[in-house]
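J.: what would the 3D arrangement of this be:
(chains A and B)
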Amino acid sequence: MTARTVYADNNATTMVAPEVVEAMEPFFTTLYGNPSSMHLFGGQVKKHVEQAREKVAALLNADSSEIVFTSCGTESDNAAIRGVLAAYPERRHIITSRVEHPAVKNVFQYLGKNGYRVSEISVDRLGRIDLDELQEKLDTDTALVSIMWANNETGVIFPIPQIADMVHRVGAVFHTDAVQAAGKIPIDLQQIPVDLLSLSGHKLHAPKGIGVLYIRKGTHFVPYLIGGHQERGRRAGTENVPSIVGLGVACELAQQYLTEEQTRVRALVACELAQQYLTEEQTRVRALRDRLEQELTSKAIDATVNGDTENRIPNTTNISFKYIEGESILILLSEAGIAASSGSACTSGSLEPSHVLRAMGIPFTRVHGSVRFSLSRYTTDDDITYIVHHMLAIERRLREISPFGRDEIDAKQARSSH
Amino acid sequence: MWDYNEKVKEYFLNPRNAGEIPDADAVGEAGSLACGDQLKLMLKIDRATEIITDAKFQTFGCGSAIASAAALTEMIIGKPLSEAEKITNKDIVDFLGGLPVEKMHCSVMGQEALEAAINYYRGKSPEPLEERKRHIVCECFGVTDEEIIRVARDNHLTTVEDITHYTKAGGGCMSCHDKIRQILRQVTAESAEKPAAPSGVRKLTNIQKMRLIEETFEKEIRPMLRADGGDIELIDIEGNRVLVSLRGMCSSCVSASFTLKKYVEPKLREFVSPDLVIEEVKP
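T.: Numbering: from 1, shown residues only, chains lettered A, B, ... in the order given. Now for the predicted structure:
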């Protein structure tokens, strides 16, 4: 490992915020009671669990009674999908998008093999969902629609308010996997009528092993984990108290952060400062991401951005480097102390490249060389400079030994020497 | 992240012989852009001696694809064609000290490119596309029955998963899994017909046996006995009987014979020969 490290893989997982670690500590040592117990050891712990529940609810502008703690985002997705279908056994059609996380995608695939009719909605070249196709597929046999809030690979945000309305018109239930959206963009569930929403702690600076399933009041739901009466009977199992408390603090920090960013932006815009690139919803992370993207695409031999740049979570960029392969890029980035991820076949764990980029119709020449950089509020300006410097060198190095696109390297060299 | 050994990493980070030979005598390609890796191998061959005097490669692909190509060039430079053409993917893997099993196809790509280059040099035209198409088993990655049979034979593969790791075949839509199973059954049946290779008991000369036993004592057995303040001495070897004497704490230990039978003997059988019997000789 080199001395310097830059962590730019925050869509995979995040650093636990120091405030979160600090808040969790007593729940391992002194406040170790079981919240279900009748004695004081348990009672005082229960109070903290409920406070955390309120903090999570506040981030989503939901009621705390609608928050169910789970073990991770995947559990939340599984519980939501299976829990709703169990409550509507007469409806046999389910709808999702082609670009979901495996925690949804593979559950739908499984259900498709077990008697359900599954529709997968396409996306266009920019990764935007086809609402006309969704409208066509929705019918009164539809039990559930599950479509993510923001895509983990490209960061593209789907029009959740519109989708929720469309789904409700046929009397179906709407679930959204908001694992990549929560904490990065404001989510107001008073305004947006989703029925169920999944969230994962470790994507927003809480620890791994804690997730949330939001279940709107009045939504029919059959619990997935059966056992004790915890979580008001909606998810059995002794509460993961330290992580719940940690998640509460993480949500509080996320909310503070979102508010500060927005206030700062409003101030800037009000002062009409010369920074014209700051649009109204611009944040510091967004500005860093935009600089990274702009510098890489303008200085690289051939790099293009994947996804709808107008509607994206602010921390994510997915860039394809033509004619070079993602795993090689990641290893060389890692040698320089930089963490990122890729949609190439060699990094997917299977032989198929990213299903998200393929669904968008990105050609193979670009899919295999795609790199996702995902930033966080801990990313600095220096980090961006460091990534740009190394990424450009890596592209050149791998292009030198690639059998494809030799002429373009020479052309780029000629252009930059003028 | 894949678990590459130091040698693979070294060959990826500092690849030897990357580049082009503009006036190459032979060029061979394998893989494809769509599949995520492609290798172009270029050779300079001395016409008189048919010795490969230079080899360079260009690779689009992952770390192990680049390392395999670099290793291959190093393996073949200076070799006559007659020797180079015997190189299999397994030799490339051995040269690199192993590859993760999911990455075996990278070594196969090296072998295929080398074969294509040699065919090119000898003026053999590649199989016509139409003909090749008829033999394709895996549509997703364009793998033919011949290719599957060859890796299965060379590497003693028995499962569909193995074939996927080595050729990618069956790693996409999976609809060819039955066909691959059928091919594997054929290959296994063929190899069963051949007389079984002598297996298990190694034929050792007495000197070899003695050396191996001493080595096993030194590396496997003594460290454990010494930790308990004991030791062991080899007295003699008579056929399969290994006569030993225990020393130090072991000589007075009540569980000494237990140690010999349950620990020392199994070690000797594992590392030297499965028919050895250990016996204690009291001094």
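
J.: low-confidence bits of the chain, can you list those?
T.: No chain in the question, so chain A it is. A:1-2, A:264-282, A:347-350, A:413, A:415-418 (pLDDT under 70).

J.: not quite, I wanted chain B
T.: Residues of chain B that meet the cut-off, pLDDT under 70, sit at B:1, B:126-129, B:193-203, B:250-254, B:283.

J.: just the strands in the chain please.
T.: You didn't pick a chain, so chain A it is. A:6-7, A:67-70, A:93-97, A:117-121, A:142-146, A:173-177, A:196-200, A:211-215, A:303-305, A:316-321, A:338-339, A:341-342, A:370-374 (DSSP state E).

J.: actually it's chain B I care about, not the one you picked
T.: B:26-32, B:37-46, B:51-60, B:136-138, B:143-144, B:230-238, B:241-248, B:277-280.

J.: contacts for the last one next, please.
T.: Looking back up the chat, that one is strand B:277-280. Residues from elsewhere that reach strand B:277-280 (C-beta atoms under 8 Å, 6 or more residues apart in numbering or on different chains): B:240-246, B:256-257, B:260-261, B:264-265, B:268. All C-beta atoms are positioned from the backbone trio N, CA, C, and that covers glycine.

J.: try it again at 10 Å.
T.: Strand B:277-280 is contacted from outside by B:213, B:232, B:235-236, B:238-246, B:250-251, B:256-257, B:259-261, B:263-269, using C-beta atoms under 10 Å, 6 or more residues apart in numbering or on different chains.

J.: for burial, what's the neighbour tally of whichever residue of the stretch 151-283 of chain B sits closest to chain A?
T.: Closest contact between the stretch 151-283 of chain B and chain A, by C-beta to the nearest C-beta, is at B:G171 (3.5 Å). B:G171 has 24 neighbouring residues, counting by other C-beta atoms under 10 Å in any protein chain shown.

J.: how about the contacts made by it?
T.: Contacts of B:G171 (C-beta under 10 Å, 6+ apart): A:345, A:350-352, B:35, B:102, B:105, B:138, B:140-141, B:143, B:160-161, B:163-165.

J.: just A:E295 next, same as before
T.: Contacts of A:E295 (C-beta under 10 Å, 6+ apart): A:A303, A:I384, A:T385, A:I387, A:V388, A:H389, A:M391, A:L392.

J.: in this structure the third one contacts A:R291, no?
T.: Read that as A:T385. Yes - with contact defined as C-beta atoms under 10 Å, A:T385 counts as touching A:R291 (8.9 Å).

J.: get me the contact residues on the stretch 301-418 of chain A for chain B.
T.: A:323-332, A:334-335, A:342, A:344-353, A:363-365, A:367-369, A:397-406 (C-beta under 10 Å from any C-beta of the partner chain).

J.: just the buried residues out of those, in PyMOL syntax.
T.: In PyMOL syntax, the buried subset of those is picked out as below (16 or more other C-beta atoms under 10 Å in any protein chain shown):
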select buried, chain A and resi 323+324+325+326+327+328+329+330+331+332+342+344+345+346+347+348+351+353+364+365+367+368+369+397+398+399+401+402+403+405
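
J.: among the residues of the stretch 301-418 of chain A next to chain B, name the ones in helices.
T.: The helices, defined by DSSP state H, take in A:326-332, A:334-335, A:364-365, A:367, A:397-401, A:406 from these.

J.: follow-up on the earlier one: filter the contacts of strand B:277-280 to the buried ones?
T.: Restricting the contacts of strand B:277-280 to buried positions leaves B:213, B:232, B:242, B:244-246, B:250, B:256, B:259-260, B:264-265, B:267-268, with burial counted as 16+ other C-beta under 10 Å.

J.: any chance of these in JSON lines, with distance to A:E252 too?
T.: Output for these, formatted as JSON lines (distance: C-beta to C-beta, whole Å):
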{"residue": "B:I213", "distance to A:E252": "68"}
{"residue": "B:I232", "distance to A:E252": "66"}
{"residue": "B:V242", "distance to A:E252": "71"}
{"residue": "B:V244", "distance to A:E252": "70"}
{"residue": "B:S245", "distance to A:E252": "73"}
{"residue": "B:L246", "distance to A:E252": "68"}
{"residue": "B:C250", "distance to A:E252": "65"}
{"residue": "B:A256", "distance to A:E252": "66"}
{"residue": "B:T259", "distance to A:E252": "62"}
{"residue": "B:L260", "distance to A:E252": "66"}
{"residue": "B:V264", "distance to A:E252": "63"}
{"residue": "B:E265", "distance to A:E252": "65"}
{"residue": "B:K267", "distance to A:E252": "60"}
{"residue": "B:L268", "distance to A:E252": "65"}
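
J.: now list the buried members of the contacts of B:G171.
T.: Buried by 16+ other C-beta under 10 Å: A:345, A:351, B:35, B:102, B:105, B:138, B:140-141, B:143, B:160, B:163-165, out of the contacts of B:G171.

J.: so the longest helix belonging to chain A versus strand A:196-200, what angle?
T.: With secondary structure taken from DSSP H, chain A has its longest helix at helix A:241-271. Calculated by axes from the mean of the first three to the mean of the last three C-alpha atoms, to 10 degrees, helix A:241-271 forms an angle of 100 degrees with strand A:196-200.

J.: for helix A:241-271, which residues meet the burial criterion?
T.: A:241-255, A:257-258, A:261, A:265.

J.: and for stretch A:104-118?
T.: Applying 16+ other C-beta under 10 Å to stretch A:104-118 flags A:V104, A:K105, A:V107, A:F108, A:L111, A:Y116, A:R117 as buried.

J.: and it, anywhere near chain B?
T.: No - applying C-beta under 10 Å from any C-beta, one finds stretch A:104-118 separated from chain B by no less than 12.7 Å.

J.: not counting that stretch itself, show me its contacts.
T.: By C-beta under 10 Å, 6+ apart, stretch A:104-118 touches A:73-74, A:77-78, A:80-82, A:85, A:91-100, A:102, A:119-120, A:137, A:139, A:141-144, A:146-148, A:175-177, A:179, A:198, A:355-356.

J.: which of those residues are buried?
T.: For the contacts of stretch A:104-118, buried by 16+ other C-beta under 10 Å: A:73-74, A:77-78, A:80-82, A:85, A:91, A:93-100, A:119-120, A:137, A:142-144, A:146-148, A:175-177, A:179, A:198, A:355-356.

J.: how about the residues of the stretch 51-200 of chain B by chain A?
T.: Proximity of the stretch 51-200 of chain B to chain A is confined to B:56-66, B:69-70, B:102-103, B:105-106, B:140-141, B:164-165, B:168-173 under the rule C-beta under 10 Å from any C-beta.

J.: one more time with 7 Å, if that's ok
T.: Contact residues, the stretch 51-200 of chain B versus chain A (C-beta under 7 Å from any C-beta of the partner chain): B:Q58, B:T59, B:F60, B:G61, B:C62, B:G63, B:I66, B:K168, B:G171, B:G172.

J.: surely the third one touches A:G326?
T.: The reference is to B:F60. No - using C-beta atoms under 7 Å, B:F60 makes no contact with A:G326, being 11.1 Å away.

J.: domain parsing for chain A?
T.: A:6-12+A:281-410, A:18-253 (automatic domain parsing).

J.: columns distance to B:E6 on top of those, output as JSON lines?
T.: What follows is the domains of chain A, written out as JSON lines (distance: least, C-beta to C-beta, whole Å):
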{"stretch": "domain A:6-12+A:281-410", "distance to B:E6": "13"}
{"stretch": "domain A:18-253", "distance to B:E6": "30"}
